[in-house]
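Engineer: fold the following for me, if possible:
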Amino acid sequence: MRRSRAIAFTLLLASAAPAAGAALGATPAQASAARSGALPKVSGGYGTTPTITFPKGAKPPSKLEVSVLHEGTGPLTRKGDLLVANYVGQIWGGKVFDSSFTRHQLSGFAIGVGQVIKGWDMSLVGVHAGSRLLIVIPPVDGYGTAGLAQAGITGKDTLVFVVDVVASYSHATEITGHSASLRRTVGGVTVQGSLGSPPKISVAKGARTPSSPKTTVIVRGHGAKVTPGLVVVQYEVTNWSGVLQDSTWKNGTPYGINVDLASNPTIFDALKGVPLGSRVLVDIPASTSGGPYAFVADLVSEPHDPQR
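Structural biologist: Reported below is the predicted structural model:
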């Protein structure tokens with residue numbers, strides 16, 4: 001339930017549904033304080049695919065409702081974190097319109113900063129990792145009067161989510177192990193700087209533009225090898241003129257990239273097998289989204305999917 005960033009480059013990272021984003025609001029406890037009616041029942045425990053059963057004949061609540069079904073013991077999520085979660089979304093009394101459980105694919109998104117629907121921003125800050133929440137979201141805190149046609153959501157639909165909070169990563173998330181300044185040139189692209197800090201990327205004049213994606217390990221880390229799933233990265237990207245296009249260091253939130261998923265192939269599938277703790281350069285050819293680009297990423301972590 002996230003919306004895409006402003007930079008066209010990020011269209012290449014992963015698909016993202018548009019949302020009626022808004023600012024951070026109440027905590028889960030505050031949101032549940034004035035419960036206005038019967039809530040759906042949820043079967044299944046944390047880490048398993050939930051089933052939502054709606055109360056017969058009950059109208060949906062008119063206000064945001066949040067119920068903590070299982071309280072985790074992990075760190076609290078904070079505004080601006082990259083939140084990693086599993087979720088199922090269903091229209092009140094109607095169809096399931098989205099499920100990361102069914103896709104067996106963790107989802108990562110910035111929380112509390114308007115990149116997801118308002119109901120998520122209001123509910124998922126201040127939650128312990130390892131928690132399962134039931135969230136009932138009226139249209140005003142979801143997709144508004146416009147709805148979301150591609151998901152079959154109208155402007156009058158109340159949405160119900162069950163969300164497993166798997167992990168969160170703050171702006172301070174980084175990898176360490178190489179304190180010395182590093183420099184390497186590959187095909188006219190030079191990358192300088194130390195792991196854990198923003199790289200300096202420069203593209204030589206006349207450097208040949210890439211015709212296909214190419215991944216080069218600039219610094220090889222010592223962590224576990226990346227497997228298919230969600231990988232948390234810190235990155236910067238420039239165009240072929242060396243102009244900065246996007247930066248997680250600048251934005252203040254790490255990013256989650258899907259790697260080697262049959263249901264969602266991306267140009268970053270070549271990261272499979274690269275050790276965590278590495279810094280990589282990905283040459284990205286021009287497309288309808290722009291480019292070409294030089295993308296430099298530090299591979300920070302690969303969250304464990306409780307479904308596995």
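Engineer: the stretch 201-308 of the chain: helices as residue ranges?
Structural biologist: Ranges of helices in the stretch 201-308 of the chain, per DSSP state H, counting those that start in this stretch, are 248-251.
Engineer: the strands in it, which residues?
Structural biologist: 214-219, 229-239, 244-247, 255-259, 279-284, 293-301 (DSSP state E, counting those that start in this stretch).
Engineer: residue boundaries of the strands in the stretch 1-150 of the chain?
Structural biologist: Under DSSP E, counting those that start in this stretch, the stretch 1-150 of the chain gives strands at 41-43, 51-53, 65-70, 82-91, 96-99, 107-110, 132-137.
Engineer: the strands of the stretch 201-308 of the chain: which one's closest to Thr145?
Structural biologist: strand 255-259 (30.2 Å; Cβ to Cβ). (C-beta placed from N, C-alpha, C; glycine too.)
Engineer: so what strands line up beside that closest one?
Structural biologist: Strand 255-259 has these partner strands in its sheet, going by DSSP bridges: strand 229-239 (antiparallel).
Engineer: quick one: the strand it pairs with to strand 279-284, angle?
Structural biologist: Relative orientation of strand 229-239 versus strand 279-284 (axes from the mean of the first three to the mean of the last three Cα atoms, to 10 degrees): 70 degrees.
Engineer: what would strand 229-239 look like as PDB? C-alpha coordinates only.
Structural biologist: Provided in PDB are the C-alpha atoms of strand 229-239 (Å, rounded to 0.1, in the frame of the first residue of the first chain):
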ATOM      1  CA  GLY A 229      13.500 -12.200  -1.200                       C
ATOM      2  CA  LEU A 230      13.700  -8.600   0.200                       C
ATOM      3  CA  VAL A 231      17.100  -7.100   0.700                       C
ATOM      4  CA  VAL A 232      17.600  -3.800   2.600                       C
ATOM      5  CA  VAL A 233      20.000  -1.400   1.000                       C
ATOM      6  CA  GLN A 234      21.400   2.100   1.300                       C
ATOM      7  CA  TYR A 235      21.900   3.600  -2.200                       C
ATOM      8  CA  GLU A 236      22.700   6.600  -4.300                       C
ATOM      9  CA  VAL A 237      22.000   6.900  -8.000                       C
ATOM     10  CA  THR A 238      23.200   9.400 -10.600                       C
ATOM     11  CA  ASN A 239      22.400   9.800 -14.300                       C
END
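Engineer: how far does it sit from its chain's centre?
Structural biologist: 11 Å (Cα atoms, centre = their mean, to the nearest Å).
Engineer: and stretch 114-133, by the same measure?
Structural biologist: The answer for stretch 114-133 is 12 Å, by Cα atoms, centre = their mean.
Engineer: cool, and stretch 92-102?
Structural biologist: That offset, for stretch 92-102, works out to 19 Å (Cα atoms, centre = their mean).
Engineer: what residues does it touch?
Structural biologist: 1, 17, 40, 48-50, 54, 60, 85-91, 106-107, 136, 151-153, 157-160, 307 (Cβ atoms under 8 Å, 6 or more residues apart in numbering).
Engineer: what subset of these is buried?
Structural biologist: Taking 16 or more other Cβ atoms under 10 Å as the criterion, what is buried in these is 1, 17, 40, 50, 54, 60, 85-91, 106-107, 136, 151, 153, 157-160.
Engineer: burial count for the residue nearest to Ala286 when sequence neighbours are not counted?
Structural biologist: The shortest distance from Ala286 to any non-neighbouring residue, by Cβ to Cβ, 6 or more residues apart in numbering, is to Pro292 (4.8 Å). Close neighbours of Pro292, defined as other Cβ atoms under 10 Å, add up to 20.
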